[in-house]
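the following comprises the amino acid sequence and a computationally predicted model.
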Protein chains: 2
Amino acid sequence: MKESSRSSKGSHVARPVSTEQRLMDVAATLFASKGYAAVGIREIAREAGLTIGSLYHYASSKEDLFIKLLRSSYVSAIDRARKTIAMAPTPAQRLQALIRLHIVGEVTEANVWELERTELEVISPEARAALIELRDEFEQLWRDIIEEGISDGSFAPEDPAIVRISILRMCNGVVLWYRPDGRLTLDEISDIVFRQALLLLRAG
Amino acid sequence: MKESSRSSKGSHVARPVSTEQRLMDVAATLFASKGYAAVGIREIAREAGLTIGSLYHYASSKEDLFIKLLRSSYVSAIDRARKTIAMAPTPAQRLQALIRLHIVGEVTEANVWELERTELEVISPEARAALIELRDEFEQLWRDIIEEGISDGSFAPEDPAIVRISILRMCNGVVLWYRPDGRLTLDEISDIVFRQALLLLRAG
DNA sequence: GTCTATAGGCTGATAGAC
DNA sequence: GTCTATCAGCCTATAGAC
């Protein structure tokens, strides 16, 4: 997802990725697919092409690795979401762009959002509070769009909070059943989810 | 959930529960809240008031315990759903009853449905196939209601499959944020989710 | 049907050479 | 920054007494 086109080498080969980035990507994929407790540090190290000893150069513990990866995932998701929102003029268009960004992001990267369900509870209270703050910051972006739509009259949901949760769950669920060779493309799915979101928001 | 009012004792004290039932309940709660890998058999045994040795009298392995509990949860959910559906005359009423049953069931018992997300992958292929069959049987009940609604003209969703998945995810998500002392009762939440489901189904 | 005791392996984490 | 070697503790599961 990181473009880094300002790399000085100007190389024509596949852009090299830092060991740390590779480690985080591997950890994200494994944690997202199997859950925190089910993934061992040996497996993470092996998949990242490292030994256990080397892994501990990048993170001081398994929990620290998990926290680092969640934080960077949340931060980059928030960052991209803000930029996407800034380019759309109306609440509905902002919502459409955000839904597509979220669905595509989850399928092409790792779905870290479903992890918060129970896995956040394994980490220490202070670190958890910081992560929950980031998660709330992300959700606030959706909340704002809905509020703006209500203000300008384009949305009129029965219960804005439940609708917001429902829309996010519809997005988060796609990665569980989407298959690249399936009936629908990610763009088509994103459009359907967006129209479903509109149905919920325009209930009034 | 099991009534067993035909117990011969006619006792006026709280209905006694078999050790096996208690074990299954404890295991369901723990697995649902922390995930399969994060729960140890020591913890399950302790919570159920047993030692490890005794636990293995009821299940031959941790995986076997997990399979038994998922199977019994699925079977009883399907059974209750069928009975609930049979009492409602129209597709919309069947849907309303099923949504309420599902939401209330998940909150008052353990939410085993979210487990299938990734946890089903840890169990052996044969057992998994049987469980997936049960899960599909449950989902087929929802599919049937939607199809019947489409046939009689009361529903006209853009994409029946995605709407079905979305409705189920809206139901399954409630247990993640519902609090007994919160703004809404379970009945109120169920009604809102039902009306949201109708919005998705009557898109036409 | 419940217990105690223990086997055998895997886990997260550390020490220290290079 | 990466490695090898290793530790102490926890895990699932079993054996066998009662």
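Looks like it came in fine. Numbering: from 1, shown residues only, chains lettered A, B, ... in the order given.

which helices and strands sit right next to the longest helix seen in chain A?
Assignment by DSSP state H gives helix A:125-151 as the longest helix of chain A. Packing partners of helix A:125-151 (3 or more Cβ pairs under 8 Å, 6 or more residues apart in numbering or on different chains; DSSP states H and E): helix A:62-86, helix A:91-108, helix A:160-177. Every C-beta, even on glycine, is put in place using the N, C-alpha and C of the backbone.

for chain B, which of the ones you listed is the nearest?
helix A:160-177 (4.6 Å; Cβ to the nearest Cβ).

what residues does the closest one touch?
A:95, A:99, A:102-103, A:106-107, A:111, A:113-114, A:139, A:142-143, A:146-147, A:150, A:157, A:186, A:189, A:193, A:196-197, A:200-201, B:117, B:165-166, B:169-170, B:172-173, B:177, B:189, B:192-193, B:196 (Cβ atoms under 8 Å, 6 or more residues apart in numbering or on different chains).

going on from that helix, what's the next piece of helix or strand?
helix A:186-201 (DSSP states H and E).

which residues sit against that next one?
Against helix A:186-201 from outside (Cβ under 8 Å, 6+ apart): A:92, A:95-96, A:99-100, A:103-104, A:107, A:146, A:149, A:155-157, A:163, A:166-167, A:170-171, A:174, A:178, A:184, B:158-159, B:162-163, B:166, B:196, B:199-200, B:203.

how about the residues of chain A near chain B?
A:33-38, A:114, A:117-119, A:121-122, A:158-159, A:162-163, A:165-166, A:169-170, A:172-173, A:176-177, A:189, A:192-193, A:195-196, A:199-200, A:203 (Cβ under 8 Å from any Cβ of the partner chain).

of these, buried ones?
Among those, those classed as buried by 16 or more other Cβ atoms under 10 Å in any protein chain shown are A:34-38, A:114, A:117-119, A:122, A:159, A:162-163, A:165-166, A:169-170, A:172-173, A:189, A:192-193, A:196, A:199-200, A:203.

tally of neighbours for residue A:25?
17 (other Cβ atoms under 10 Å in any protein chain shown).

what's the distance between it and residue B:73?
Relative to residue B:73, residue A:25 is positioned 35 Å away (Cβ to Cβ, to the nearest Å).

ditto for residue A:146
If you go by Cβ to Cβ, the gap between residue A:146 and residue B:73 works out to 35 Å.

enumerate every residue touching residue A:96.
A:88, A:194.

tell me the SS of residue A:88?
coil (DSSP: H, G, I helix; E, B strand; the rest coil).

state the pLDDT value of the residue in chain A that DNA strand D sits nearest to.
Using Cβ to the nearest atom of the strand, the closest approach of chain A to DNA strand D is made by residue A:53 at 2.4 Å. In this model, residue A:53 is scored at 97, pLDDT.

so which helix or strand takes in it?
Counting by DSSP H and E, residue A:53 is found in helix A:52-58.

which other helices and strands does that helix contact?
Contact here means 3+ Cβ pairs under 8 Å, 6+ apart; on that basis helix A:52-58 packs against helix A:19-34, helix A:41-47.
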